[in-house]
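Engineer: Sequence first, predicted coordinates after that:
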Amino acid sequence: MSMPMMHPKRKNPILRTRVMNLPPSARGRVALGLTAAAAEGRLMLQVCMRCSAVQYPPREACARCLSPELHWHDQTGEGELLAVTILRHSNDLYFRERLPWRIGMVKLDAGPTLIVHLHGDVGEAPSRVRVGARLDRSGQAVLIGFPEQEVPHMADDSVLRDMTSDPKFRKVLVTDGKSPVGQAVARAMVKAGADIVWVGVAEPWKKPPGFDELLALPQVTAVPLDVTDSRSVQTLGGELGGKVDIVVSNAEVHRNFGIGSRPGTDSAREEMEVNYFGLLRLSQAFGGALKARAADGPASACAWVNLLSIYALSNFPPHGTFSASKAAALSLAQCLRAEMRQAGIRVINLFPGPIDDEWNQTMPPPKLAPAAVASAIVKALRDGVEDVYPGEVAQEWLERWRENPKVLERELALGGAQP
Amino acid sequence: MSRRRQSYEGVAVAVPVTVPYRRYSTHGAHWFVGQALEALVRESGISKDQIDGLTVSSFSLGPDTAVGITQHLGVSPRWLDFLPNGGASGVMALRRAARAVQSGDADVVACVAGDTNHVDSFRMMLGGFSYFARDASYPYGAGGPNSVFAMVTAHYMRKYGARREHFGKVAVSQRFNANRNPLAVFHRQTLSLDEYIAARAISDPVHLYDCVMPCAGAEAFLVMSEARARAQGLRYSVLRGAIERHNAFADDPVMERGGWLVDRDDLWTQAGVSPDQIDFIQTYDDYPVIVLIQFEDLGFCAKGEAPAFIDSHDLRCVGDFPNNTGGGQLSAGQAGAAGGFIGVTETLRQLTGQAGDRQVRQAQLGLVSGFGMVTYDRCLCTGAVLLGSA
């Protein structure tokens, strides 16, 4: 079983902060199907639609019957570990800095042989293992052989810790500490073992319920942060930029208007100021500092979380301007992800359905409790995924959107529900 | 039942050429290929205008292929092949050239393999070596072939009870041979079994002396009719049989046998001989475990019995079962695709009495085996030729 991770020692200030050398990220277009599935925490392999043969490595035609109809399907990943090697030498800098490194060959029960990274709790060959897919620090999918049964402290394994963004022993900034979601996220981070949780406070005179109790936690500190104010964001970036390991961008404004229901642009502008420009200001003030600390030891900077909305995928007319601001934020988050990926910082986008807060008062259930949003964020950080659609509404919208975005658009125009 | 194949009768293989290896070179692959062709012309007395067939094997010619070489070196062949198939290149080139000569498509075929090795070029090549390597093996530790064959070795050891001493005997015997071959990179360094065992681990259970050293260099030979070779006054060998197979036993979860096993009976039948009649063998030795697998699959012992076979034979050039008489790649170095040629050139030297201090006594019949292209979890190309003295 994995040894529980010890608290990292204080950094020696005279040593240079190491820069990030990413693992090999080149992949062919077909292989990106593995990455797309791993971004959601799933292991999918190509399966032949004609003869059912499971294929690996990813390819353009079935190696058994030559059919080009290969579709990505979920796999259990169960199989037999047949051979293991411990690399003491590597041609790549990322691995060279992390030697020795264990890999193995696994014969999946479903057919093909996979070369996989090995979790430290996997023993010698032959043994039963369960293969999963994870995004590595380059943002590309890799396969990992896990022990067949869960064991304690699995997340503390060095291979996994490096690929995921576990909050344990890390320092987190939650950009809005007062909202119900913000409070829940801060509490969840403390529970997950974060060393420090800074919570942003835009309007110090407001004292929402629960906030004083939150501030009473020894790990939690309030910091002034108004994401609509460039100077406020830059000032905090100057103070905390070199310390923050995980940024949770959760500040949002949510009004329930379409186009005709609200004359003028003031509330739409307010949504954009926070939901879109707020993210842009934060990215500029904190992005560079996070990138610079991406390889800074076992508690390095590692992740950026964006609270988006399932409405970012397709406009929900009763919340039309909010949807538009979240769509803008999604597009910017993709840009942020592309830029942060070069340093190995994971950008996680969260697409919740309606959250059970004051601005969704008129929405029928099911609604997502703030605590559920918070635990989805912690889980995403621990699992190393990129895109999360928490809750039943989000899952259903996602399915409908994937099936046919045009049909979903028309359904939403008619009120949202599936006829 | 496929048609019985034509014999390789009447084909002569001659003029073994080696452009001496160096660890790194600032020259490009074209320089090494050019030097090899120049040596073929010089040593055969056949002008380059008369060379009307050409095969080129190289990994570092890019963006050129074989045809770029024709303009670069000013040759105008009527038969051309590009065979960048690593350790199987030599066997594959020889087999194709022999058919070209037999059919009259070419009179004199130059088979050339050469690669350069710049500082860092080996690393640059690994990541983009193949479609599958890029997607499914290089991202896993970037160990290159070391890590893949470490797992093949671990699997073989577990399944068949081989020990490091067995692999060590292969490496140490080859070093004995290399110490008698002035062209070998490790000509002057001896290697004992103790040193082999004590070497640092590279990718367990593969240790330092299980690995070849990437070099720059070239190997080449000529293929023509026996009549032409005699008229030219060349010392030559004859091709007695040849086999080739790709992607055999694809369903074996971890490689433990190769395509030789599919075609070996054909090979021995072509030559009308049995395994106990050969005087020496040049196995492909990217890693010692592959040498053991070839002993089994080519018919010298049963599957899983190579460790016992090694225990009971002397693999040195002076022994009863000489293997890789010039030192093999493990001790002579691996000059890219030329690594697939050294078995052929060394065999030609042995069969024509040009092997100096490492000459196998009364060498009449030799076997060269090829193995190449680790595109994912194993090498795909296998082949073998039997060469006999004229």
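Structural biologist: That came in fine, so what should we check first?
Engineer: Show me the helices in chain A, by range?
Structural biologist: A:32-38, A:93-96, A:158-163, A:180-191, A:211-215, A:230-240, A:266-271, A:278-292, A:320-341, A:370-383, A:392-403, A:405-413 (DSSP state H).
Engineer: Can you say which of the ones you listed is packed in most?
Structural biologist: For the helices of chain A, the largest average neighbour count (mean count of other CB atoms under 10 Å in any protein chain shown) is found in helix A:180-191, namely a mean of 24. Yep, even glycine has a C-beta here, placed from its N, CA and C like the rest.
Engineer: mean confidence score for it?
Structural biologist: Averaged over helix A:180-191, pLDDT sits at 98.
Engineer: Tell me which other helices or strands that helix touches.
Structural biologist: strand A:171-174, strand A:196-201, helix A:211-215, strand A:246-249, helix A:370-383 (3 or more CB pairs under 8 Å, 6 or more residues apart in numbering or on different chains; DSSP states H and E).
Engineer: The worst-scoring helix or strand of chain B on mean pLDDT and chain A, any residue contact?
Structural biologist: Every helix and strand in chain B was compared by mean pLDDT, DSSP states H and E; the lowest is helix B:121-127, with a mean of 74. Yes: for helix B:121-127, a contact with chain A is found by CB under 8 Å from any CB of the partner chain, at B:Phe122, B:Arg123, B:Leu126, B:Gly127.
Engineer: wait, doesn't A:Phe316 sit right on A:Ala324?
Structural biologist: No: A:Phe316 is beyond contact range of A:Ala324, at 10.2 Å (criterion: CB atoms under 8 Å).
Engineer: and A:Arg29, how many neighbours?
Structural biologist: 8 (other CB atoms under 10 Å in any protein chain shown).
Engineer: For the least confident helix or strand of chain B, list every residue counted as buried.
Structural biologist: Buried residues in helix B:121-127, counted by 16 or more other CB atoms under 10 Å in any protein chain shown: B:Ser121, B:Phe122, B:Met125, B:Leu126, B:Gly127.
Engineer: Out of those residues, which is nearest to A:Leu330?
Structural biologist: B:Gly127 (32.5 Å; CB to CB).
Engineer: So that closest one sits against A:Ala26, correct?
Structural biologist: Yes: look at B:Gly127 against A:Ala26 with CB under 8 Å: they come within range, at 6.2 Å.
Engineer: if I look at these two, which residues touch both of them?
Structural biologist: B:Arg134, B:Tyr138 (CB atoms under 8 Å, 6 or more residues apart in numbering or on different chains).
Engineer: pLDDT weak spots in chain A?
Structural biologist: A:1, A:416-419 (pLDDT under 70).
Engineer: domain parsing for it?
Structural biologist: Residue ranges for the domains of chain A, per automatic domain parsing: A:32-163, A:171-413.
Engineer: Which one of these lies nearest to B:Ser89?
Structural biologist: domain A:32-163 (22.8 Å).
Engineer: follow-up on the earlier one: out of the buried residues of helix B:121-127, the closest to A:Ala83 would be?
Structural biologist: The nearest one, if we look at the buried residues of helix B:121-127 relative to A:Ala83 and count by CB to CB, is B:Leu126, at 20.0 Å.
Engineer: Check chain A and tell me which residue is nearest its centre.
Structural biologist: Taking CA atoms, centre = their mean, the centroid of chain A lies closest to A:Ile348, which sits 2.9 Å from it.
Engineer: and it, what is it in contact with?
Structural biologist: Contacts of A:Ile348 (CB under 8 Å, 6+ apart): A:Ser165, A:Ala303, A:Trp304, A:Val305, A:Asn306, A:Ile377, A:Ala380, A:Leu381, A:Val385, A:Glu386, A:Asp387, A:Val388.
Engineer: again with B:Thr325
Structural biologist: The contact partners of B:Thr325, by CB under 8 Å, 6+ apart, come to B:Asn177, B:Phe280, B:Gln282, B:Cys317, B:Glu346, B:Gln350, B:Ala355, B:Arg358, B:Val360.
Engineer: isn't the fifth one right up against B:Val17?
Structural biologist: No: B:Glu346 sits out of contact with B:Val17 when judged by CB under 8 Å, with a separation of 11.9 Å.
Engineer: show me the residues around the most centrally placed residue in chain B that make contact.
Structural biologist: What sits nearest the mean C-alpha location of chain B, by CA atoms, centre = their mean, is B:Gly340, with 3.0 Å. By CB under 8 Å, 6+ apart, the contact set of B:Gly340 is B:57, B:85-92, B:113, B:284, B:370, B:372.
Engineer: Which of these fall in strands?
Structural biologist: Among those, the members falling in strands (DSSP state E) are B:Ser57, B:Ala113, B:Gly370, B:Gly372.
Engineer: for chain A, what are the nearby residues on the stretch 101-250 of chain B?
Structural biologist: B:122-123, B:126-128, B:131-132, B:134-144, B:146-148, B:150-152, B:154-155, B:158, B:200-206, B:250.
Engineer: now those residues: which count as buried?
Structural biologist: B:122, B:126-127, B:131-132, B:134-144, B:146-148, B:150-152, B:154-155, B:158, B:201-206.
Engineer: Helices - which of the residues you listed land there?
Structural biologist: Reading helices off these with DSSP H, I get B:122, B:126-127, B:131-132, B:146-148, B:150-152, B:154-155, B:158.
Engineer: In TSV, list these along with distance to A:Ser331.
Structural biologist: Listed next are those as TSV, based on distance: CB to CB, whole Å:
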residue	distance to A:Ser331
B:Phe122	42
B:Leu126	37
B:Gly127	32
B:Tyr131	32
B:Phe132	34
B:Asn146	44
B:Ser147	40
B:Val148	42
B:Ala150	45
B:Met151	44
B:Val152	47
B:Ala154	48
B:His155	49
B:Arg158	53
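Engineer: Beta-bridge partners for B:Ala242, please?
Structural biologist: Each beta-bridge partner of B:Ala242 is listed here, defined by DSSP bridges: B:Val385.
Engineer: In contact with the most far-flung residue of chain A relative to its centre, which residues are there?
Structural biologist: The C-alpha centroid of chain A is most remote from A:Cys65, which lies 37.8 Å away (CA atoms, centre = their mean). Taking CB under 8 Å, 6+ apart, we find A:Cys65 in contact with A:Cys48, A:Arg50, A:Cys51, A:Ala53.
Engineer: cool, B:Val254 as well?
Structural biologist: Contacts of B:Val254 by CB under 8 Å, 6+ apart are A:Leu82, A:Ala83, A:Met105, A:Lys107, A:Thr113, B:Met151, B:Val152, B:His155, B:Asp377.
Engineer: Reformat the contacts of B:Gly340 as JSON lines; add neighbour count and pLDDT.
Structural biologist: As requested, the contacts of B:Gly340 are arranged in JSON lines below (neighbours: other CB atoms under 10 Å in any protein chain shown; pLDDT from 0 to 100):
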{"residue": "B:Ser57", "neighbour count": "33", "pLDDT": "97"}
{"residue": "B:Asn85", "neighbour count": "26", "pLDDT": "93"}
{"residue": "B:Gly86", "neighbour count": "30", "pLDDT": "92"}
{"residue": "B:Gly87", "neighbour count": "29", "pLDDT": "95"}
{"residue": "B:Ala88", "neighbour count": "29", "pLDDT": "96"}
{"residue": "B:Ser89", "neighbour count": "32", "pLDDT": "97"}
{"residue": "B:Gly90", "neighbour count": "36", "pLDDT": "97"}
{"residue": "B:Val91", "neighbour count": "29", "pLDDT": "98"}
{"residue": "B:Met92", "neighbour count": "25", "pLDDT": "98"}
{"residue": "B:Ala113", "neighbour count": "35", "pLDDT": "98"}
{"residue": "B:Tyr284", "neighbour count": "32", "pLDDT": "97"}
{"residue": "B:Gly370", "neighbour count": "33", "pLDDT": "97"}
{"residue": "B:Gly372", "neighbour count": "27", "pLDDT": "94"}
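Engineer: Which one of those is nearest to A:Leu280?
Structural biologist: Nearest to A:Leu280 among these, with distances taken as CB to CB, is B:Gly86, at 51.1 Å.
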